[in-house]
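Asker: Give me a model of this one.
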Amino acid sequence: MSDLNDPRVFFAAERTLLAWSRTALALIAFGFVVERSGLLLAVVSHVADAQRVASLWIGLAFALLGSWVSVYSTLQFRRVLKTLKPVEIPDGYRTTPGVAVNLVIAVLGAALAFYFLSGA
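Answerer: Here you go, the predicted model:
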């Protein structure tokens, strides 16, 4: 990928991965807010079931989108890592924590989506 032989290339890729992690978390959180706001409206103002169902599916879509973003950005980061030379990754620096965090975000986002479907 690079002929710079500079660790800053790796750190830039890692910063990009972490930016996508924040995006995934924001999408999942927004999905939670949308889904729960439909529940709140149903309790407070007796909104129609169609509105409640719509908020469920929109919230579910955002949670699943956040999970997908997390998985996809992890795969993209792993592809970039394969192109880097050993000199571009500092000695003793672990490349797996960012990947692990992203995969946990994906699993938790999917679990939240299934929780929405369970009707709890």
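Asker: Next, the contact list for the residue nearest in space to the middle of the chain, please.
Answerer: What sits nearest the mean C-alpha location of the chain, by C-alpha atoms, centre = their mean, is residue 24, with 2.7 Å. Counting by C-beta atoms under 8 Å, 6 or more residues apart in numbering, residue 24 touches 66-67, 69-70, 73, 102, 105-106, 109. Placement of C-beta: from N, CA and C, glycine included.
Asker: And for residue 58?
Answerer: 31, 34-35.
Asker: Kindly indicate which of the residues you listed lies nearest residue 89.
Answerer: residue 31 (34.7 Å; C-beta to C-beta).
Asker: Can you tell me how far that closest one is from residue 109?
Answerer: 8 Å (C-beta to C-beta, to the nearest Å).
Asker: How about residue 71?
Answerer: As for residue 71, its distance to residue 109 is 9 Å (criterion: C-beta to C-beta).
Asker: Those two: which is more packed in?
Answerer: Neighbour count, other C-beta atoms under 10 Å: between residue 71 and residue 109, residue 109 has more, with 27 against 17.
Asker: Quick one: residues contacting that one.
Answerer: 24, 27-28, 31, 63-64, 66-67, 70.
Asker: How about it: what's its closest non-neighbour residue?
Answerer: residue 67 (3.6 Å; C-beta to C-beta, 6 or more residues apart in numbering).
Asker: quick one: low-confidence parts of this structure?
Answerer: 1-4, 39-40, 42-44, 46-48, 50, 120 (pLDDT under 70).
Asker: mind listing what's buried in the longest helix anywhere in it?
Answerer: Under DSSP state H, the helix in the chain containing the largest number of residues is helix 7-45. By 16 or more other C-beta atoms under 10 Å, the buried positions in helix 7-45 come out as 9-10, 13-14, 17, 20-21, 24-25, 27-28, 30-32, 34-35, 38.
Asker: quick one: the helix or strand containing residue 76 to chain centroid distance?
Answerer: Using DSSP states H and E, residue 76 maps to helix 49-83. Put simply, helix 49-83 sits 6 Å off its chain's centre (C-alpha atoms, centre = their mean, to the nearest Å).
Asker: can you state the direction angle for that helix and helix 7-45?
Answerer: With axes from the mean of the first three to the mean of the last three C-alpha atoms, to 10 degrees applied, the angle from helix 49-83 to helix 7-45 works out at 170 degrees.
Asker: Kind regards, and thank you for your time.
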